[in-house]
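In: Just the structure for this:
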Amino acid sequence: MNDEILTALEVATLLKVVDKAVYTMVQKGEISVFKIRSQWRFTCQQRLEAQ
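Out: Predicted structure coming up:
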């Protein structure tokens, strides 16, 4: 299991979308997220499950 933690910008780069699209996907419940203080973070495990 890969526990690498990614930022929204890194996720956007992996998905080849703008970072605003990542935030929209989170708000729609398409991508799960957790917060560290006020910043959103994503795990690579989520990325693997989506493929």
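In: all contacts plus neighbour counts: C-alpha atoms, from now on.
Out: Will do.
In: Dead centre of this structure: give me the residue that sits there.
Out: Of all residues in the chain, the one closest to the mean position by C-alpha atoms, centre = their mean is Phe42, 4.1 Å from it.
In: Can you tell me how far Val26 is from Val17?
Out: As for Val26, its distance to Val17 is 13 Å (criterion: C-alpha to C-alpha, to the nearest Å).
In: Looking at those two now, which is surrounded by more residues?
Out: Neighbour count, other C-alpha atoms under 10 Å: between Val26 and Val17, Val26 has more, with 15 against 12.
In: can you give me phi and psi for that one?
Out: When read as degrees, to the nearest 10, the backbone of Val26 gives phi -70, psi -50.
In: quick one: contacts for it?
Out: With contact taken as C-alpha atoms under 8 Å, 6 or more residues apart in numbering, Val26 is in contact with 32-33.
In: chain center to the longest strand along the chain: distance?
Out: When the chain is scanned for its longest strand (criterion: DSSP state E), the result is strand 39-43. How far strand 39-43 lies from its chain's middle: 6 Å, per C-alpha atoms, centre = their mean, to the nearest Å.
In: what's it packed up against?
Out: Applying 3 or more C-alpha pairs under 8 Å, 6 or more residues apart in numbering; DSSP states H and E, we find strand 39-43 packed against strand 5-6, helix 8-15, strand 34-36.
In: so how far is the shortest one off the chain centroid?
Out: A distance of 8 Å separates the C-alpha centroid of strand 5-6 from that of its chain, computed with C-alpha atoms, centre = their mean.
In: now what about that strand, what contacts it?
Out: 41-44.
In: how about a markdown table for the helices and strands packed on strand 39-43, with mean neighbour count, mean pLDDT and distance to Val22 added?
Out: Below are the helices and strands packed on strand 39-43 laid out as a markdown table (neighbours: other C-alpha atoms under 10 Å; pLDDT from 0 to 100; distance: least, C-alpha to C-alpha, whole Å):
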| stretch | mean neighbour count | mean pLDDT | distance to Val22 |
| --- | --- | --- | --- |
| strand 5-6 | 13 | 89 | 12 |
| helix 8-15 | 16 | 91 | 6 |
| strand 34-36 | 9 | 90 | 13 |
